[in-house]
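S.K.: Have a look at this prediction, sequence included:
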Amino acid sequence: MTTEQLHAEILRKKSFLCIGLDVDLDKIPQHLLDTEDPIFEFNKAIIDATHDLAVAYKPNTAFYEAYGLKGWHALEKTINYLNQRHPEIFTIADAKRGDIGNTSAMYAKAFLEDLAFDSVTVAPYMGRDSVEPFLAVKNKFTILLALTSNGGAYDFQTQKTDEGELYKTVLKTSRTWQNSGNLMYVIGATKAEYFSEVRRIVPDSFLLVPGVGAQGGSLKEVCRYGMNDIIGLLVNSSRGIIYAGNGEDFAEMARAEAYTMQQEMCEIIIDSQLSKALDIR
Ligand SMILES: O=c1ccn([C@@H]2O[C@H](COP(=O)(O)O)[C@@H](O)[C@H]2O)c(=O)[nH]1
């Protein structure tokens, strides 16, 4: 998928919602536990109930790896289901990988080629040669952790270096890497006050924004400072949507939550289009 296609999909659905598929067997409805593959059945029900409201899905691989072979198999079934039923939807393997070059190449093969996700999250700490193997995969995106939503982000990412805060070095330096056009960045919704600075460095890139909902980030603030001419945001909510209910009607409850977010996004998109048309931004 290209960013132009993603942008078109955002305008068509009036949504830049990414739904996080972080499946925890302790939290899913009891009745699913009797099925052969509870994780996949849960994901399938959530996808069926929300696919017209979301432009992206993001399984966090930790929630699948934790269940061993069964978990990995459920992940594979989930991405296959998405790719077959909804090829227009952008998929993100939230795996946070990155290692020496030949190892990164294997991670890239696993997530972008074999599992065929559209993108994978990658940690920047090991530098250029740890990220370029991901960037080398054509028509796929590498989503680099730049300024994360957690409290620990202040331990390193906002520390001052000679070039400014470390996250800025990550943004600037990564733009010099080969195939940097295939980069997107993770910027946490809980760090809304940093979005203007981020946009100064990467005005055109898509940002994956986790941290609304359960972590308390504000969608309005993120949009105010982070939106660009092509919207440029994928705002993720995981627990806030998928665990909105845990009875037989869990999928409808998830839909209701996703609908509320999509409606808010719809208003923001329409407002931004109006401002653009009137040239009052
Ligand atoms: O900075 C980051 C990077 C990744 N995440 C991941 O996003 C989801 C958030 O889940 P919620 O339930 O909506 O809080 C989860 O998979 C995280 O590992 C993040 O939160 N912050």
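M.R.: Right, received. Where do you want to start?

S.K.: ok, what's across the strand from the residue most central in space within the chain?
M.R.: By C-alpha atoms, centre = their mean, the mean C-alpha position of the chain lies nearest to residue 208, the distance being 4.7 Å. Under DSSP bridges, the beta-bridge partners of residue 208 are residue 186, residue 234.

S.K.: Share the number of residues neighbouring residue 35, please.
M.R.: The tally of other residues near residue 35 (other C-beta atoms under 10 Å) stands at 11. In this view, the C-beta of every residue, glycine as well, is placed from N, C-alpha and C.

S.K.: The residue nearest to it when sequence neighbours are not counted and residue 26, how far apart?
M.R.: Counting by C-beta to C-beta, 6 or more residues apart in numbering, residue 41 is the residue found nearest to residue 35 once chain neighbours are left out, at 4.8 Å. Distance of residue 41 to residue 26, computed by C-beta to C-beta, to the nearest Å: 16 Å.

S.K.: Who has more neighbours out of those two?
M.R.: Per other C-beta under 10 Å, whichever of residue 41 and residue 26 has more neighbours is residue 41, with 20 against 4.

S.K.: Give me the helices and strands touching the helix or strand hosting that one, please.
M.R.: Counting by DSSP states H and E, the element that carries residue 41 is helix 38-50. Judged by 3 or more C-beta pairs under 8 Å, 6 or more residues apart in numbering; DSSP states H and E, helix 38-50 is in contact with helix 68-85, helix 239-242, helix 250-278.

S.K.: what does the shortest one contact?
M.R.: Read it as helix 239-242. 19-23, 42, 46, 50, 212-214, 254, 257-258, 261 (C-beta atoms under 8 Å, 6 or more residues apart in numbering).

S.K.: Report pLDDT for the residue nearest to the centre of the chain.
M.R.: Note on residue 208: pLDDT of 98.

S.K.: now do residue 278
M.R.: Taking residue 278 on its own, its pLDDT is 84.

S.K.: try residue 213
M.R.: For residue 213, pLDDT reads 84.

S.K.: Can you say which helix or strand has residue 120 in it?
M.R.: Applying DSSP H and E, one finds residue 120 within strand 119-122.

S.K.: What helices and strands are in contact with that strand?
M.R.: strand 90-97, helix 101-108, helix 128-135, strand 141-147.

S.K.: how many other residues sit next to the closest residue to residue 158 other than its chain neighbours?
M.R.: Spatial nearest neighbour of residue 158, excluding adjacent residues (C-beta to C-beta, 6+ apart): residue 165 at 5.0 Å. Neighbourhood size, residue 165 [other C-beta under 10 Å]: 17.

S.K.: show me what contacts residue 165?
M.R.: Residues in contact with residue 165 (C-beta under 8 Å, 6+ apart) are 157, 158, 159.

S.K.: Name the nearest residue to the first one, ignoring sequence neighbours.
M.R.: Computed as C-beta to C-beta, 6+ apart, the closest residue to residue 157 that is not its neighbour in sequence is residue 167, at 4.4 Å.

S.K.: So that neighbour versus residue 140, what's the distance?
M.R.: Taking C-beta to C-beta, one finds residue 167 at 23 Å from residue 140.

S.K.: quick one, what contacts residue 32?
M.R.: Per C-beta under 8 Å, 6+ apart, neighbours of residue 32: 38, 41, 42.

S.K.: mind checking the backbone torsions on it?
M.R.: Backbone geometry at residue 32, expressed as degrees, to the nearest 10, gives phi -80, psi -20.

S.K.: Which pLDDT value goes with it?
M.R.: pLDDT at residue 32 comes out at 98.

S.K.: what does the one 3 residues further on give?
M.R.: Residue 35 carries a pLDDT score of 97 in this model.

S.K.: just residue 273 next, same as before
M.R.: On the pLDDT scale, residue 273 is placed at 86.

S.K.: and it, how many residues sit next to it?
M.R.: Neighbour number of residue 273 under other C-beta under 10 Å is 13.
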